[in-house]
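K.L.:
Got a sequence here, can you build the structure:
(2 chains)
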Amino acid sequence: MSFPFSNPRMPSDNAEDQAPGTRKIALICAKGGLDECLPVLIMANAARMTGIECSVFFTFYGLDVVTESRVDHLHVNFLGNPMSPMPNMVAGLPGMEAVGTGFMQRKMDELDIPRPREMVQMLHESGCDLYGCELAMKMFDRTKEDLLPVVQDVITATDFFERTAGADIIFV
Amino acid sequence: MDIDQIARLEAIDKKLDYIVERQQYTEDFIREMTPVGREAITALAARLAVWEERGLFAIGTELLGLVDKLADHYGPEDVRELSGSVVAILDTVRNVTQPDVLEFANEATDVLHDADKVKPVGPMGAAAAVRDVEVQRGLGVALEILRHLGRSHGNGQKPQVRRPTTSAGDTVSSSSKTSPEPTKCPPTEVVVWEGHRFTADGFLLDTAVWDDALAIKMAAGLGIDLTDDHWAVVRWARQDYLTTGASPNVRRMASGSGVGIRQMYALFPKTPGKAAAMVAGIPKPAGCV
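P.N.:
Got it, this is the predicted structure:
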């Protein structure tokens, strides 16, 4: 009798409705805060580890996550965030952004979560397609050379939807 | 006078004889010992004078006073209670005399000695000092102590204190006890295959029964032909699980075994973390990075 466990094993037992390897997701990353882009990167990575095909479209401030000069300087902003642990009065003080960022980075190190640069690299190596948004590039006056080399292509939103046909679209 | 009384008188007579005899011995002894005793007393007096000079008696008197105070403050039932907590006291003493604790106490006294050289710190200074990693660590320790205090006095619950392990053997046995199979998420279903027990999604339950032959069979079931690179990942993941007690994630496996993430996805297609853990006979990796 051969090993009775498939790889990957999907939660649904109905093979037709979820045959392994046919699941696809397309994530759209539109924000560049450390706390705002991390969920995208982690979800994309988790999807790849579960055998789900995954593409990520970086647009607007999300473009910072794949911009060489910005990726190591992503910040956390507590201001105007109703869930932030800091009152807005305090969060607006100078230096509070650095405090919040430092706090989050320490927490990430503690939990062994890699920094965005390494996460993006991991995504690329795990076979996740990374795209930059053409319109956002024009808006921020950036060229393909400003982006990390792991970005596969700079495409428009329509191109992205065409390339990810059949995928579940998730906007973050 | 009857025979009985006569017998008793005789007995008394004998005792009297004995006493007189003893008395004589005693007198002889005293006579002989008097000169010796006189010498001894003189010497003793001299010694006592010396002790007196050195203040030993003052200390003794104070100690007696201390005993009085102790007696005033503690009754017999307190002493009985004390006997019950002797073990705890000894434990505490042992903990306090651990080298690292003693070293800390030493350092603390050093700081106190130089206390007058330390500059006063205002609120801004305190805020700045909090950014210092060492101060943060100190604050953490202080907070932990406070938490223990609160726990032990708040709800009467005994705080869980980790005792220093006495020997290396202890730690090894305890870690080897905790490493096999995590208990927090018990599998709902057990599948038996090739005489071994697996979780419902295919992870070996008893990691100790794993061997190369089983790994090859499992890998074949997953459609993987094990190469040297596969073995490097599998062996590293297994070793990491046995040392840390947790299955490594893909990132750890990739960097630890040195094959890299891209290669991980090539070696164990689709679900590298799960497949490698499965073949290595260790539990499903937790976490999502």
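
K.L.:
can you pull the pLDDT of the closest residue to chain A within chain B?
P.N.:
Across chain B, no residue is closer to chain A than B:G221, which sits at 1.9 Å (CB to the nearest CB). C-betas here are computed from N, CA, C, even on glycine. Per-residue pLDDT puts B:G221 at 85.

K.L.:
burial measure for it, as a count.
P.N.:
20 (other CB atoms under 10 Å in any protein chain shown).

K.L.:
for A:I42, same thing?
P.N.:
Quick note: A:I42 (other CB under 10 Å) scores 17 neighbours.

K.L.:
ok, it touching B:C288?
P.N.:
Yes: checked against CB atoms under 8 Å, the pair A:I42 and B:C288 is within contact range at 5.7 Å.

K.L.:
need the next SSE after the longest helix that chain B contains, C-terminal direction.
P.N.:
Counting by DSSP state H, the longest helix found in chain B is helix B:3-54. Remark: after helix B:3-54, the chain's next helix or strand is helix B:56-73, criterion DSSP states H and E.

K.L.:
can you tell if the helix or strand bottoming out on mean pLDDT in chain A touches chain B?
P.N.:
Least confident helix or strand, chain A: helix A:88-91 with a mean of 84, by mean pLDDT, DSSP states H and E. No: residues of helix A:88-91 contacting chain B under CB under 8 Å from any CB of the partner chain: none, with a closest distance of 12.7 Å.

K.L.:
outside of that helix, which residues touch it?
P.N.:
Residues outside helix A:88-91 that contact it (CB atoms under 8 Å, 6 or more residues apart in numbering or on different chains): A:77-81, A:84, A:96, A:100.

K.L.:
B:D240 against B:A254, yeah?
P.N.:
No: applying CB under 8 Å as the test, B:D240 and B:A254 come out as separate, 11.9 Å apart.

K.L.:
More neighbours: the two, which one.
P.N.:
B:A254 (26 against 19).

K.L.:
unless I'm mixing things up, the more buried one is touching B:I261, no?
P.N.:
Yes: applying CB under 8 Å as the test, B:A254 and B:I261 come out as touching, 4.5 Å apart.

K.L.:
quick one: low-confidence ranges for the stretch 51-200 of chain B?
P.N.:
For the stretch 51-200 of chain B, the stretches with pLDDT under 70 are B:154-188.

K.L.:
okay, how far is it across stretch A:127-139, tip to tip?
P.N.:
The straight-line separation of the ends of stretch A:127-139 (CA to CA, to the nearest Å) is 28 Å.

K.L.:
from the chain's centre, how far out does it sit?
P.N.:
12 Å (CA atoms, centre = their mean, to the nearest Å).

K.L.:
does any part of it sit near chain B?
P.N.:
Yes: residues of stretch A:127-139 are located near chain B by CB under 8 Å from any CB, namely A:G127.

K.L.:
any residues touching that stretch, and which ones?
P.N.:
Against stretch A:127-139 from outside (CB under 8 Å, 6+ apart): A:44-45, A:47-48, A:54-60, A:62-63, A:66, A:120, A:123-124, A:143-144, A:147, A:150-157, A:160, A:163, B:262, B:265.

K.L.:
Drop anything exposed from those.
P.N.:
Listed as buried from the contacts of stretch A:127-139 are A:44-45, A:47-48, A:54-60, A:62-63, A:66, A:120, A:123-124, A:147, A:151, A:154-155, A:160, A:163, B:265; burial here means 16 or more other CB atoms under 10 Å in any protein chain shown.

K.L.:
Please flag which of the residues you listed sit within strands.
P.N.:
Mapping the buried ones among the contacts of stretch A:127-139 onto strands (DSSP state E) picks out A:54-58, A:154-155.

K.L.:
Contact distance from chain A - what residues of chain B qualify?
P.N.:
Residues of chain B lying near chain A (CB under 8 Å from any CB): B:191, B:193-194, B:198, B:201-202, B:217-218, B:220-223, B:249-251, B:260-262, B:264-265, B:268-275, B:278, B:288-289.

K.L.:
The closest residue to B:E189 other than its chain neighbours and B:Q239, how far apart?
P.N.:
Excluding the flanking residues, the one nearest B:E189 by CB to CB, 6 or more residues apart in numbering or on different chains is B:A200, at 3.9 Å. As judged by CB to CB, to the nearest Å, B:A200 and B:Q239 stand 26 Å apart.

K.L.:
One more: A:V154?
P.N.:
43 Å.

K.L.:
go on, B:L48?
P.N.:
73 Å.
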